[in-house]
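A.B. asks: One predicted model, sequence on top.
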Amino acid sequence: MPFIRAASKVAQQVLLAPGCSCEPLYVSARCISISPRQVTSDASFHSVSFSETDHPKVLITGGLGQLGVGLAKLLRKQFGNNNVILSDIRKPPNHVFHSGPFIYSDILDYKNLREIVVNNRITWLVHYSVLLSAVGEANVTLARDVNITGLHNILDIAVEHGLRLFVPSTIGAFGPTSPRNPTPDLCIQRPRTIYGVSKVHAELMGEYYHHRYGLDFRCLRYPGIISADSQPGGGTTDYAVQIFHDAIKNGKFVCNLKPDTRLPMMFIDDCLRATLEVMEAPAETLSMRTYNINAMSFTPEELAQEVQKQLPDLEVSYETDPVRQAIADSWPMNFEDSNARKDWGWKHEYDLAELVQTMLNFIGSDSRVAHAN
């Protein structure tokens, strides 16, 4: 193919020619097989500001998990239905597919991700694809691929295309040597699960890319998230969701954690609102790139007692799962989140009583509550 060889020779001459007065030639890092570590030290990447476009164009990876559908709904109200694209490797249910744009996206396929970002002019990327704590411990190899290799693809694409990138972190990013009550933003972490290790890796890599390349990286450490419209997904805090489903279904709940296991928790509406607020926050207000956020902290026993105020016939028993219990015992009991409240005005709305009432109402317990009353 003489034309291609000739074109390649000309390109090499342009790239190597000293003192060229023409505009710089930008070549994709992946096309010429270099990594962001080979970008010059004075390189700068900036996400598109709201002065340059009416609304961000958002891609959500892992969109069919616990948070993706709810965040898409919130962002579509804010920015318009067609400006928010959900993606996953699974087939979406009908109500999700018809609610707004949905596409197949595999975070381990760099070319696929890159095409999506380019073809849809993405400016914000919310990276929710992850294997959670208990599931990750059962399949470390897959967790490493999804949680770490997939993250590297996301980071490289965000740098290459100047995206504003949100990657959530978790209470699982801390370990048994971390201060637990409360746990500040900056302290020793040293987690002992592949999930936690991968999240610390994500925090540090995101902050490194921010300082090294100017990537607009933003991260929140979520507490346990409680939502009514999705099933538990294999996390250690999922008991706090399962109790509501079991209470409504059969009036009995078996908890896999000890009754006095205290963990920080948050209702999903607060979590999604916090995510939008930190993404919209002006960069100059952010004193750090990874923040704790918190709303409440409770034990399985305290949650059960609050549910029993509405459903007094609920029977609760405890069959401790040693794997999940060991994970929970290494996690924070309470998050200290004063930096988020000071820097960008974070404020939660749901306490334990409001959480329980909202969950029971949403799941459809009206008739059971009425019968109990």
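C.D. replies: Nice, thanks for sending it over.

A.B. asks: and R221, helix, strand or coil?
C.D. replies: strand (DSSP: H, G, I helix; E, B strand; the rest coil).

A.B. asks: Give me the distance between the closest residue to it other than its chain neighbours and V197.
C.D. replies: Among residues not flanking R221 along the chain, S169 sits closest, at 4.3 Å (CB to CB, 6 or more residues apart in numbering). Placement of C-beta: from N, CA and C, glycine included. Separation of S169 from V197 (CB to CB, to the nearest Å): 12 Å.

A.B. asks: Equivalent analysis for D329, please.
C.D. replies: Counting by CB to CB - D329 and V197 are separated by 17 Å.

A.B. asks: if we can go back for a sec, against V84, how distant is the residue nearest to R221?
C.D. replies: Counting by CB to CB, the gap from S169 to V84 is 22 Å.

A.B. asks: hang on, the earlier thing: quick one: which of D329 and V197 has more around it?
C.D. replies: Each of D329 and V197 has its neighbours counted (other CB atoms under 10 Å); V197 has more, 22 against 14.

A.B. asks: which residues does the more buried one contact?
C.D. replies: By CB atoms under 8 Å, 6 or more residues apart in numbering, the residues touching V197 are P191.

A.B. asks: Per-residue pLDDT of it, please?
C.D. replies: Note for V197: predicted pLDDT of 95.

A.B. asks: Am I right that it sits in a helix?
C.D. replies: Yes: counting by three-state DSSP, V197 is located in a helix.

A.B. asks: Now do it against T358, distance only.
C.D. replies: Applying CB to CB, the value for V197 to T358 is 34 Å.

A.B. asks: Please apply the same query to L204.
C.D. replies: Look at L204 and T358: by CB to CB, they are 36 Å apart.

A.B. asks: Who has more neighbours out of the two?
C.D. replies: Neighbours per residue (other CB under 10 Å) separate L204 from T358, with T358 holding more: 17 against 12.

A.B. asks: looking at this, that one is in a helix?
C.D. replies: Yes: assigned with three-state DSSP, T358 falls within a helix.

A.B. asks: didn't it look like it was pressed against E349?
C.D. replies: No: applying CB atoms under 8 Å as the test, T358 and E349 come out as separate, 10.4 Å apart.

A.B. asks: Now for the two: what residues contact both?
C.D. replies: F267.

A.B. asks: neighbour-wise, which of S169 and V84 wins?
C.D. replies: Shown here are S169 and V84; by other CB under 10 Å, V84 has more neighbours (27 against 22).

A.B. asks: so the more buried one makes contact with P101?
C.D. replies: Yes: contact criterion CB under 8 Å: V84 and P101 qualify, at 7.1 Å.

A.B. asks: Now do the contacts for the residue lying closest to F298 once chain neighbours are set aside.
C.D. replies: In space, and not counting its chain neighbours, F298 is closest to L352: 5.7 Å by CB to CB, 6+ apart. The contact partners of L352, by CB under 8 Å, 6+ apart, come to 296, 298, 302-303, 306.
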